[in-house]
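Colleague: Mind folding the following:
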Amino acid sequence: MVALVIVSTFVVLLLGILVAGLLRSHADILRALHDLGAAVGDPAAAVAVAAPVTLTTSASAPALGAAPAVAGVTPTGDARAIAVDNSDDFTLLGFLSSGCTGCAAFWDALQEPGRLQLPDRTRVVIVTKGPDREIPSEVQARTTGQVPVVMSTDAWIDYQVPGSPFFVLVDGATGQKVGQGVASQVGQLA
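Modeller: Residues are numbered from 1 along each chain as shown. Next up is the predicted model:
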């Protein structure tokens, strides 16, 4: 009888540890999905995040707010800051992730911005989350060195990026965001 109580207590304790581990794993998965921009819970929120938004470059387009500089590090760990104002050029910020399957085509296309049919005098900058949330060697493997890449979680927060791929067009003359949104195909950037 005593042996049965001891074995039962041991089994209950073991099951409790397993359940606690599963709950922790589930919480980690939900946190990772949230960091990637997946709308967990309300299906309407998921549709709102995923809906493509057309980027506009019209001078009459209303500004979407001031665009802060992007500061962080390169995939090799060097400090890098990109000013998006005080210029006659537009800057297209592409917020991408190395682990995002929907971003793969954008990684390739943004390496050759001349082929994207973007407005004249538009420079492209790729922004990933910081080295604490991305693997720098994976980011570096996706780049060619022709387009600046900045790893900055702060930029994702500053620009209120809901997930990737996400794009923001900045008018350098005014320092204002003139377009932003999610794109599901490279052709939508033009």
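
Colleague: which stretches of this structure have low pLDDT?
Modeller: 26-27, 29-63 (pLDDT under 70).

Colleague: Now do the same for residue 87: helix, strand or coil?
Modeller: coil (DSSP: H, G, I helix; E, B strand; the rest coil).

Colleague: what residues are up against the residue nearest to it when sequence neighbours are not counted?
Modeller: In this structure, residue 87 finds its nearest non-sequential neighbour in residue 172, 3.3 Å apart by C-beta to C-beta, 6 or more residues apart in numbering. Backbone N, C-alpha and C define where each C-beta goes, glycine included. Applying C-beta atoms under 8 Å, 6 or more residues apart in numbering to residue 172 gives the contacts 84, 85, 86, 87, 88, 89, 90, 91.

Colleague: ok, and the most crowded of those residues?
Modeller: residue 84 (25 neighbours; other C-beta atoms under 10 Å).

Colleague: need the contact list for it.
Modeller: Counted by C-beta under 8 Å, 6+ apart, residue 84 has contacts 67, 68, 69, 70, 91, 93, 170, 172, 175.

Colleague: Could you tell me whether it really is in a helix?
Modeller: No - counting by three-state DSSP, residue 84 falls outside a helix, being coil.

Colleague: Could you check how far residue 184 is from residue 106?
Modeller: 10 Å (C-beta to C-beta, to the nearest Å).

Colleague: neighbour count winner among the two?
Modeller: Using other C-beta under 10 Å, the more surrounded residue of residue 184 and residue 106 is residue 106, with 24 against 13.

Colleague: Quick check: the more buried one touching residue 183?
Modeller: Yes - assessed by C-beta atoms under 8 Å, residue 106 is found in contact with residue 183 at 7.4 Å.

Colleague: that older thread, could you redo the contacts of residue 172 as CSV and give each row distance to residue 150?
Modeller: Formatted as CSV, those follow (distance: C-beta to C-beta, whole Å):
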residue, distance to residue 150
84, 11
85, 16
86, 18
87, 17
88, 22
89, 17
90, 17
91, 12
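
Colleague: So which of the contacts of residue 84 sit within strands?
Modeller: 70, 91, 93, 170 (DSSP state E).

Colleague: Next, format these as a markdown table and append distance to residue 114.
Modeller: Output for the ones in strands among the contacts of residue 84, formatted as a markdown table (distance: C-beta to C-beta, whole Å):
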| residue | distance to residue 114 |
| --- | --- |
| 70 | 22 |
| 91 | 16 |
| 93 | 18 |
| 170 | 19 |
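
Colleague: ok, and the most crowded of these?
Modeller: In the ones in strands among the contacts of residue 84, the most neighbours by other C-beta under 10 Å go to residue 170, 32 neighbours.

Colleague: That one and residue 125, how far apart?
Modeller: 9 Å.

Colleague: ditto for residue 131
Modeller: In terms of C-beta to C-beta, residue 131 sits 17 Å off from residue 125.
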